[in-house]
Structures are given as C-alpha cells and as structure tokens.
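Novice: Next input, structure requested:
(one chain, ligands or ions: 1)
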Amino acid sequence: MPAVTPEDPLALPRVAPREGSHPRAVAGVADAVVGLEGEGFQVRRAFAGIDLRYADPFLLLDHMGAVEYAPYEAKGAPDHPHRGFETVTYMLDGKIRHRDSNGGGGVISDGATQWMTAGAGIVHSEMPTEDLVVGGGLFHGVQLWVNLPGASKWNPPRYQDISAAKLSLLASEDGGSVLRVIAGEIAGSGGPGSTFTPITYAHASIAPGARLRVPWRADFNGLVYVLSGHGSIGAVDPAPIREGQLGVFDLTGDHLEVRADAAQDSHVPALEVLLLGGAPIREPISWYGPFVMNTREEILQAIEDYQAGRMGSIPAETSEASQ
Ligand code: MN
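Specialist: Numbering: from 1, shown residues only. This next block holds a predicted model:
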C-alpha cells in the first residue's frame, strides 16, 4: 500500500494518551454496504449500516477497491454537481483525475488527498487516468463527505490539493503503528486539510500484534473504518473488527484504542484503518443525490440551479483531457 510510509517509524514523534486518560467504549460495529457509483464502479458504503446521527458531521464514506483493474475496465464519475458539503478523496493506490467548474483539479495518486468544498455549487468529474484505463492496475481509495453547517453551505467552492508529503506522521507508543494526519490535529500534530467543520481524519497502519492509542477530543465523535486486515477496538470490552466494517465509539472518554490481531492474512502486512471524528453539526439534513442541504426547498432550488446551468460547467478542453 503506497500511501506515504516513513523509512523509519521509530524516528517519528510518539503518540500516547495522557496520564489517567480513559479509553472510549465501543458503541457498535457495522458492516459497510456494497453500492455502485458513477459509471458503475463498486464501492463499500461505510456509514450505510448506521444511524447518520452517529456519523455527524460526516455524511458518507465510500471505500473504492482495492481492485485490480483489467485494461479498459476502470470506471469513474463523469461531470456531476454537488452543493452543501465537502468531498475528500484519499488515494492509497492508483490515480484519479479531478476537474471542476471552478478551475480546480489535478491528478492525485498514492497517498495524496483532494479536498473539494462544493459550497454553493460546483460541477466536477472524477475519472481514472488514461494510463490506468488503458493499462489497468491497482486502484484503492476512499471518498469522505463532510457536511457543512447551514451558514457555510453557500460559501464559494474551493479546491485543496494535498500531496502525500504534507501529511503529519506519528508513531504509536509501542512503535508498531504509523499514523498519518490528513486533517485536524492529533497530540499537537496538525494535518494539512483545512475544514469549515472541526474534524480529525487520519490513516493508521498497525503492525500485527500492535496496539494504537490515540488521544481524542472530548467534543468529537469517534469512528474507525477498516480498509484491510482484522483486529479489535476498545480497551475494556474490545469488539472484533475486520475489513469493510465501521466501529463507532461512545462519546465519553479521552482516547481511542485499536489493536491488530497478531495473525493477519499473508497479503495484509498491517491492519489499515481510518480514524474519523468531528464536532456534530446537529442541523436537519435534506439529502438528494449530490446535494445535501437543510430543507427540501433548498434541494428543489439546487436541482433547479443545476438544470439552469448556474453551477457552471467544466471547461471543454479540460473535460476532454480528463477522458
Ligand atoms: Mn463527486
């Protein structure tokens, strides 16, 4: 998995809960639900099995792959609109090319993140690169949707291209885990992603048999999604968790705990997890496809605005370049 990986994890700053810190208990573990996106590529929807109030301020987490595409098999999501939230695409393997009506875009690959604030409205495309389409190859990534509070839904669109080298890297106290901070802050180390809603978003690789304990903000919910491997979450009454499952922590306690089982499948060198948390927005959600607003009237307006071309379009030459 070529997400950014340090040569010597033992040289990284260590993360440990403070003295007297209490681990959060596990509220539940749910299976992701398989769905189809864009031109028909398969995703695992991490939040589909839980009440969305537990995920707030997150709306959706789609796990794409890992899949080994044959030539001409790779699919993407051609031009489509969004309004009212942010899409965050983190690539572990392979490449994806974004273009948008705001002039943002680019190719992201191995360990890079594309952060798009749709805000008041944008049209974008998310397509595999030409070389991945023609030659096939490994594709593995995730797309997270972060909701915007009503007051920020009409912000102008924004694009952040975050290279793998910009992530903050940390190690667990036992040296067996590498933690990559994409957004927010863990133990004083901040990630590069800039958000309207306070969140923490990180990717951890936990060696077989290792234990990761991460200090967690008291006002944030805590979620863990397993990209590959198997292990357990929670300290006192740990719950088993494996690839394609989402763990939800209780709201009380000061740190999250995740352990990798000592024996993993031979093709899985480490337990790979995403850690997510944020301050819940607690506003009404009206959601229709690519639009997430507070009211049904705002959704109808979004559909009308898109159909009238008021969310713009991707410039013709860049649209062609993305095919
Ligand atoms: Mn999209």
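
Novice: I figured Ala118 was touching Thr87, is that so?
Specialist: Yes: applying CB atoms under 8 Å, one finds Ala118 in contact with Thr87, separated by 6.7 Å. Where you see a C-beta, it was placed from the backbone N, CA and C, and this is true even at glycine.

Novice: So those two - more neighbours on which side?
Specialist: Set side by side, Ala118 and Thr87 show more neighbours around Ala118, with 27 against 22, by other CB atoms under 10 Å.

Novice: Contacts only, for the closest residue to that one other than its chain neighbours.
Specialist: Of all residues beyond its chain neighbours, the one nearest Ala118 is His82 (3.6 Å), with distances taken as CB to CB, 6 or more residues apart in numbering. Counting by CB atoms under 8 Å, 6 or more residues apart in numbering, His82 makes contact with 116, 118, 121-122, 124, 290-291.

Novice: Which parts of the stretch 201-323 of the chain are helices?
Specialist: Using DSSP state H, counting those that start in this stretch, the helices found in the stretch 201-323 of the chain span residues 296-307, 316-321.

Novice: In contact with Ile241, which residues?
Specialist: By CB under 8 Å, 6+ apart, Ile241 lies in contact with 29, 224, 226, 230-233, 247.

Novice: how many other residues sit next to the spatially closest residue to Val248 that is not a sequence neighbour?
Specialist: Once flanking residues are discounted, Val248 sits nearest to Ala27: 4.5 Å by CB to CB, 6+ apart. Using other CB under 10 Å, Ala27 has 17 neighbouring residues.

Novice: same thing with Val273?
Specialist: Neighbourhood size, Val273 [other CB under 10 Å]: 29.

Novice: Can you redo the contacts of His82 as TSV, where the extra columns are secondary structure, pLDDT and distance to Pro156?
Specialist: Listed next are those as TSV, based on DSSP: H, G, I helix; E, B strand; the rest coil; pLDDT from 0 to 100; distance: CB to CB, whole Å:
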residue	secondary structure	pLDDT	distance to Pro156
Met116	strand	94	12
Ala118	coil	96	10
Gly121	coil	97	10
Ile122	strand	96	9
His124	strand	95	15
Pro290	coil	97	18
Phe291	strand	98	17
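
Novice: nearest to Ala260, of those?
Specialist: If you rank the contacts of His82 by distance to Ala260 using CB to CB, Met116 comes first, at 32.2 Å.

Novice: thinking that closest one is in contact with Thr87, fair?
Specialist: Yes: between Met116 and Thr87 there is a contact under CB under 8 Å: 4.9 Å.

Novice: Low-confidence ranges, the stretch 101-250 of the chain, go.
Specialist: Within the stretch 101-250 of the chain, not a single segment meets pLDDT under 70.

Novice: mind checking how far the residue nearest to Ala118 is from Ser125?
Specialist: Distance, His82 to Ser125, by CB to CB, to the nearest Å: 12 Å.

Novice: Kindly report the same for Gly209.
Specialist: Gly209 is 43 Å from Ser125, where distance means CB to CB.

Novice: Same check on Val4?
Specialist: Distance of Val4 to Ser125, computed by CB to CB: 26 Å.

Novice: Neighbour count: those two, which is higher?
Specialist: The residue with more neighbours, out of Val4 and Ser125, is Ser125; 22 against 17, by other CB under 10 Å.

Novice: residues touching the more buried one, list them.
Specialist: Neighbouring residues of Ser125 by CB under 8 Å, 6+ apart: 76-80, 97-100, 314, 319, 322.

Novice: if I read this right, Gln264 contacts His230, doesn't it?
Specialist: Yes: counting by CB under 8 Å, Gln264 does reach His230; the two are 7.0 Å apart.

Novice: Overlap of the contact sets of the two?
Specialist: Each of Leu271 lies in contact with both Gln264 and His230 under the rule CB under 8 Å, 6+ apart.

Novice: Give me the pLDDT for Pro13.
Specialist: Note for Pro13: predicted pLDDT of 94.

Novice: now it: how far from Val181?
Specialist: Counting by CB to CB, the separation of Pro13 from Val181 is 11 Å.

Novice: Which residue of the two possesses the greater neighbour count?
Specialist: Neighbour totals were compared for Pro13 and Val181, and Val181 leads with 25 against 12 (other CB under 10 Å).

Novice: my read is the more buried one is in a helix, agree?
Specialist: No: under DSSP: H, G, I helix; E, B strand; the rest coil, Val181 falls outside any helix and is assigned strand.

Novice: Quick check: beta-bridge partners of it?
Specialist: Ser168, Ala202 (DSSP bridges).

Novice: close enough to count as contact, it and Ile199?
Specialist: No: using CB under 8 Å, Val181 makes no contact with Ile199, being 11.2 Å away.
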